[in-house]
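> output the structure for:
(one chain, ligands or ions: 1)
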Amino acid sequence: MLVNFSKMHGLGNDFMVVDNVTQNIFLSRDQIKRLADRNFGVGFDQLLMVEAPYSPDLDFHYRIFNADGSEVEQCGNGARCFARFVRMKGLTNKHKIAVSTKGGNIVLYIEKDGQVTVNMGQPMLEPKEIPLKASKRELTYILRQQEQTLFVGAASMGNPHCVIEVDDIDTAEVHTLGPLVEEHERFPKKANVGFMQVIDESHIKLRVWERGAGETLACGSGACAAAVVGQLQNKLGNNVKVDLPGGSLQIRWQGEGHAVKMTGPAEHVFDGQIAL
Ligand SMILES: N[C@H](CCC[C@H](N)C(=O)O)C(=O)O
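Numbering: from 1, shown residues only. Presented below is the predicted three-dimensional model:
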């Protein structure tokens, strides 16, 4: 089976993007893991599959697979690359693109400057929606982690996020605490773990240990979740610059009942073909 793909990234969070509208590709979990391998495969954080829409009011369906082969509900950086990809490949000539994902519907806007704005939908904050084992919704949840007690925020952007505020992200325990919280029993579907340093009410620094991929250079849904948690905790306003190791995103949220908007770049690196 020959697979035509594009290699793309959003602030260094990198993707193999496959047009499954004009191709008919099925990849097993093991094949995805092998393709994700940076030595033996293409190498990526996530595989993005572009599919035909499930209903006439949508333009496409968008499937996301982590490097470990798990299929997930949402990918923010991937959504921006998705928009650039479908235009680049001539699958649409629209500038406003409606897309369904496993985690809900999103709308992609290609801006005049080439950046992409994504309406990520409303954050989900009830424990059962995240999902998070808790008796009721809290601004801060207490997680027992071996000998540590963690005070964390939690939200879903379709995919689950745990947000931990730190004084300095450069010294944050991303690679020790990240995998432990990712697998914490309070998160039945695991979690993406964001380490957030608040600079001021319109500026944070963020590192994310991603579910199924490890630390990435950027996490779009993680930036959205951090901005939401920080605003709910009265530490952030409704328009936040999020500095990630790979670059910056602008996140806007008018509060509960409103969708989260994310704006940032999407880059095409190369096209390829691989025989499986
Ligand atoms: N690791 C995430 C999926 C990719 C999210 C991230 N790359 C983004 O830009 O939102 C999860 O398991 O929910």
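
> could you list the contact residues of the stretch 151-276 of the chain toward the ligand?
Of all the residues in the stretch 151-276 of the chain, those in contact range of the ligand (C-beta under 6 Å from any ligand atom) are 159, 192, 210-213, 216, 219-222. Backbone N, C-alpha and C define where each C-beta goes, glycine included.

> at 5 Å what do you get?
Proximity of the stretch 151-276 of the chain to the ligand, by C-beta under 5 Å from any ligand atom, involves residues 159, 210-212, 219-221.

> any low-confidence regions in this structure?
With pLDDT under 70 as the threshold, the chain has no low-confidence stretch at all.

> so which of the residues of the stretch 151-276 of the chain next to the ligand sit within strands?
Residues of these located in strands (DSSP state E): E210.

> export the residues of the stretch 151-276 of the chain next to the ligand to JSON lines and tack on neighbour count?
Compiled in JSON lines, those are given as follows (neighbours: other C-beta atoms under 10 Å):
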{"residue": "N159", "neighbour count": "29"}
{"residue": "E210", "neighbour count": "27"}
{"residue": "R211", "neighbour count": "26"}
{"residue": "G212", "neighbour count": "20"}
{"residue": "C219", "neighbour count": "34"}
{"residue": "G220", "neighbour count": "29"}
{"residue": "S221", "neighbour count": "33"}
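
> of all the residues of the stretch 151-276 of the chain next to the ligand, which two lie farthest apart?
Between all members of these, the longest pairwise span (C-beta to C-beta) is found for G212 and G220 and amounts to 15.2 Å.

> what sits up against stretch 224-236?
Here stretch 224-236 makes contact (C-beta atoms under 8 Å, 6 or more residues apart in numbering) with 76, 120, 123, 125, 139-140, 153-157, 161, 163, 165, 192, 194, 196, 198, 201-202, 204, 206, 237-238, 240, 242, 251, 253, 255, 260, 262.

> return the subset of these lying in helices.
The helices, defined by DSSP state H, take in G76 from these.

> what subset of the contacts of stretch 224-236 is buried?
Neighbour counting with 16 or more other C-beta atoms under 10 Å marks 76, 120, 123, 125, 153-157, 161, 163, 165, 192, 194, 196, 198, 204, 206, 240, 242, 251, 253, 260, 262 as buried within the contacts of stretch 224-236.

> got TSV for the residues of the stretch 151-276 of the chain next to the ligand, with distance to N20 too?
What follows is those, written out as TSV (distance: C-beta to C-beta, whole Å):
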residue	distance to N20
N159	21
E210	23
R211	23
G212	20
C219	24
G220	21
S221	22
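
> just the residues of the stretch 151-276 of the chain next to the ligand now: which is nearest L11?
Closest to L11 out of those is G220 (8.2 Å), distances taken as C-beta to C-beta.

> tell me which parts of the stretch 1-150 of the chain are close to the ligand?
13, 72, 75-77.

> only the buried subset of these, as a ChimeraX command please.
Buried members of these, defined by 16+ other C-beta under 10 Å, are picked up in ChimeraX with:
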select :13,72,75,76,77
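
> dump the residues of the stretch 1-150 of the chain next to the ligand into a markdown table; add distance to E267 as well.
Putting those into a markdown table (distance: C-beta to C-beta, whole Å) gives the following:
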| residue | distance to E267 |
| --- | --- |
| N13 | 11 |
| V72 | 22 |
| C75 | 15 |
| G76 | 15 |
| N77 | 10 |
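
> from the residues of the stretch 1-150 of the chain next to the ligand, which is closest to Q31?
Comparing these against Q31 with C-beta to C-beta places V72 closest, at 16.9 Å.

> picking up where we left off before, take the contacts of stretch 224-236 and keep only those in strands.
Among those, the ones falling in strands (DSSP E) are 153-156, 161, 163, 165, 192, 194, 196, 198, 204, 206, 240, 242, 251, 253, 260, 262.
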